[in-house]
Every structure is written in structure tokens, then in C-alpha cells.
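Enquirer: what follows is a predicted protein model with its sequence.
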Amino acid sequence: IQLFGSGHVIKGNYIVSSADGIVAYDGIANSIIEHNVVDLKTGRYGIELYSDNGSTIRYNTLVYGTGCEYVPCGQIILSRKTSDPAGTGTIVENNIATAISTENGSTAAVNRNNMLRSGASGQNTNGTPVFVGGASPANFAGFLLASGSPGKGAATDGSDVGIHAQ
């Protein structure tokens, strides 16, 4: 899903085996990206926003994998093109992801309660999710967290990180 402009709501999608997940290469603002599963087998990153201004990324599940081009699959990247302004004001919370990166001057206003595969800092934690659908869920609902999984009850509102039942 490629975005441009502002005011988008991207919710409840199951993106699997695609070249990209949810991207905005030419700027985005005041959008909400929530409750999506991004399970890339090859390609680039899970969620990649360039020159974002005030969007929210929350309750998404980005699946770890080793087949992506530049880095392991399942990452959230905030960056910019050299000719565009750095992103600011992005809220990144309550996600399951491989990693969260800010590059080229882009920053996150909030980066908390995310469960990362490794390298967590601040209010984020490291953990490997256990899904109700097992190690390789076959559908959206399979990516809900199983009882006893890391991330259960760890969101800012006391619910689970990652997606919820829709």
C-alpha cells in the first residue's frame, strides 16, 4: 500500500508475500496505520514512511523474516529523501516489529510499548511473539498473541501489542 498526502486510515489489512508493506516515499501527514499484519517473505521493509508529519503507527504486527533485501523483514523505518524535509511528530506504539529505525534526521515523537526482536531501548521491549496460529499463521486472526506470549497486556492501554481481533 503506497500513500501520499494526508488523512489516510490504513486499518485491518493482511499483507503477505508482497514486495513492500505500507509505504510513503513522497511525504505523508496526519494518517493512522493500525491493526495491520505485514508478512513479507522478500522485498524491503514492513512500514516505511518518508517525511512524515504527525502520523500514528499502532497495533500492527510486522513479521520477522530473513528473506528481505536490505535488512531482516518486519521493520518500521522513518526516513526521508535528501531533497525532502525530515519527518517529525510520528507516534509509534504498541507494535510487534523486528526493529524501529529513524534515519536522515527523521524522528518519532513517541516510540513506546513496541515489542522488538532485539535492540529495544527506552520504553520498548525485546521479545519473540507466540501467535495463536503457531509459528507460521495462515490468516490474519492467526497473528493474535497466544496466552503466555511476550507482549500480552503490554500495550499502553493494558491490551496486547500487535493486532487485536476485529
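Expert: Nice, thanks for sending it over.

Enquirer: for the nearest residue to Asn13 once chain neighbours are set aside, give its distance to Ser6.
Expert: Leaving aside its sequence neighbours, Asn13 sits nearest to Asn36 (C-beta to C-beta, 6 or more residues apart in numbering; 4.6 Å). For the C-beta atoms, the positions are set from N, CA and C on the backbone; glycine is no exception. According to C-beta to C-beta, to the nearest Å, Asn36 and Ser6 sit 19 Å apart.

Enquirer: and those two? Which one has more around it.
Expert: Using other C-beta atoms under 10 Å as the criterion, Asn36 and Ser6 rank with Asn36 on top: 26 against 14.

Enquirer: which ones are touching the more buried one?
Expert: Ile10, Lys11, Gly12, Asn13, Tyr14, Ile15, Gly21, Ile22, Asn60, Thr61, Ile163 (C-beta atoms under 8 Å, 6 or more residues apart in numbering).

Enquirer: if we can go back for a sec, now the residue nearest to Asn13: how far from Tyr59?
Expert: 8 Å.

Enquirer: which neighbours do those two have in common?
Expert: With C-beta under 8 Å, 6+ apart as the test, Asn36 and Tyr59 both reach Ile163.

Enquirer: what's the spacing between Ser136 and Ile91?
Expert: 30 Å.

Enquirer: who's more crowded, the two?
Expert: Ile91 (17 against 9).

Enquirer: what helices and strands are in contact with the host helix or strand of that one?
Expert: Per DSSP states H and E: Ile91 is located in strand 90-93. In terms of contacts (3 or more C-beta pairs under 8 Å, 6 or more residues apart in numbering; DSSP states H and E), strand 90-93 is packed against strand 56-58, strand 75-79, strand 108-116.

Enquirer: residues in contact with that strand?
Expert: Contacts of strand 90-93 (C-beta under 8 Å, 6+ apart): 49, 52, 54-58, 76, 78, 100, 106-114, 155-156.
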